[in-house]
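Engineer: Could you work out the structure for the sequence below:
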Amino acid sequence: MKIVIDGGSSKADWLYQTNQVATRIETLGFNPMLNNWEQFQASFLGHPNKPEPSTITEVFYYGAGCSTPTTISLAEKTLQTLFPIAKIHVDNDLIGAAKATSQGKPSVVAILGTGSNSCLFNGTKVIDQVSNLGYLLGDEGGGYAIGREILRAFFYRELPPELTVAFQDKYQLTRNKLVDEIYNSPAPNRKIASFAEFAVHYRAEESIQEIVLDVFQEFITKNLLKYQITTSIPVHFIGSIAYIFRDKLEYLLVKNNLLPGIFLRKPIDGLGRYHGVV
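Structural biologist: The predicted model follows:
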């Protein structure tokens, strides 16, 4: 029996099929760079709807941090411990996003979640990728970028009065409190990205729409427009930010002579189709 896993650093989605019925479960995630494999294994083994490990013969794992021979090897060993008789396949989350959306056809694939990433996929493998510089230097278009711009707009007094009041009522935030929380956070990018929730809630407001459009345009300019593609090659998106703001992304893609493709909140269902699990 096959099992497909989309593994993030904090959460993982699993999909397997028994008696022609697909089952999806969620556990704690795993990132070999963070060395949190014990929690990942315990979360799976303790899940009431997990499959019997001895029945799994093939594992397809697409995970955060699985981008070097060392991290891939660690992920393989971790999964082999869980599924001793299975053949293990490990690749990074960007390849997972590409397979989930492209279904074997040429496309540009972008991930917009907390951070951002993109690649040009020929249907089989990545043939071009604009460098992902992480949140300190990049992550254009993701929740981190939106959250950062919301914070800047609030503290630089650029939000309309009613949104300024709404923001302060919700977060009770001062400059010193913000700096303390960010610089003492083990994951400052996630802390800043959490303020994208404000943009989601007030996305009908014109000032919020302007912020979101500017953030997405920067991602398109610095990432998507660098790929040498024709207008017949679709641009697919994975991630909560892309899914929620689909209308804004589609508008900007057309404006930039790019073809909107598939939008998925999570890649697991597309990966299930790709590997014949659903």
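
Engineer: which SS state does the closest residue to I3 other than its chain neighbours fall under?
Structural biologist: Distance criterion CB to CB, 6 or more residues apart in numbering; nearest residue to I3, sequence neighbours excluded, is Y16 at 4.2 Å. Glycine gets a C-beta too; all of them are placed from N, C-alpha and C. Following DSSP: H, G, I helix; E, B strand; the rest coil, we place Y16 in the strand state.

Engineer: OK, contacts around Y16?
Structural biologist: Counting by CB atoms under 8 Å, 6 or more residues apart in numbering, Y16 touches 1-4, 22-23, 51, 56, 277.

Engineer: so N189 touches R148, yeah?
Structural biologist: No. Between N189 and R148 there is no contact under CB atoms under 8 Å: 9.4 Å.

Engineer: Break down the stretch 51-200 of the chain into its helices, ranges please.
Structural biologist: 69-82, 93-102, 134-137, 143-155, 161-171, 175-183, 188-193, 196-201 (DSSP state H, counting those that start in this stretch).

Engineer: Out of these, which is the most enclosed?
Structural biologist: Sort the helices of the stretch 51-200 of the chain by mean neighbour count, taking mean count of other CB atoms under 10 Å, and helix 93-102 sits at the top with a mean of 25.

Engineer: Tell me which other helices or strands that one touches.
Structural biologist: Helices and strands touching helix 93-102, by 3 or more CB pairs under 8 Å, 6 or more residues apart in numbering; DSSP states H and E, are strand 2-7, strand 58-63, strand 107-112, strand 116-121, strand 126-128, strand 234-238, strand 259-264, helix 268-274.

Engineer: closest to F44 out of those?
Structural biologist: Ranking the helices and strands packed on helix 93-102 by distance to F44, with CB to CB as the measure, places strand 2-7 first at 9.2 Å.

Engineer: rewinding a little: which of the helices of the stretch 51-200 of the chain has the lowest average pLDDT?
Structural biologist: Mean pLDDT values for the helices of the stretch 51-200 of the chain show the minimum at helix 134-137, a mean of 73.

Engineer: beta partners for the residue nearest to I3?
Structural biologist: Counting by DSSP bridges, Y16 forms beta bridges with I3, T23.

Engineer: Report the separation between it and G270.
Structural biologist: According to CB to CB, to the nearest Å, Y16 stands 16 Å off from G270.

Engineer: what do you get for F155?
Structural biologist: Distance of F155 to G270, given as CB to CB: 39 Å.

Engineer: Local confidence estimate at N36?
Structural biologist: If you check N36, the pLDDT there is 69.

Engineer: do the one 4 residues further on as well
Structural biologist: In the prediction, the pLDDT value recorded for F40 is 84.

Engineer: quick one: terminal-to-terminal distance for stretch 221-229?
Structural biologist: With CA to CA, to the nearest Å as the measure, stretch 221-229 spans 14 Å from end to end.
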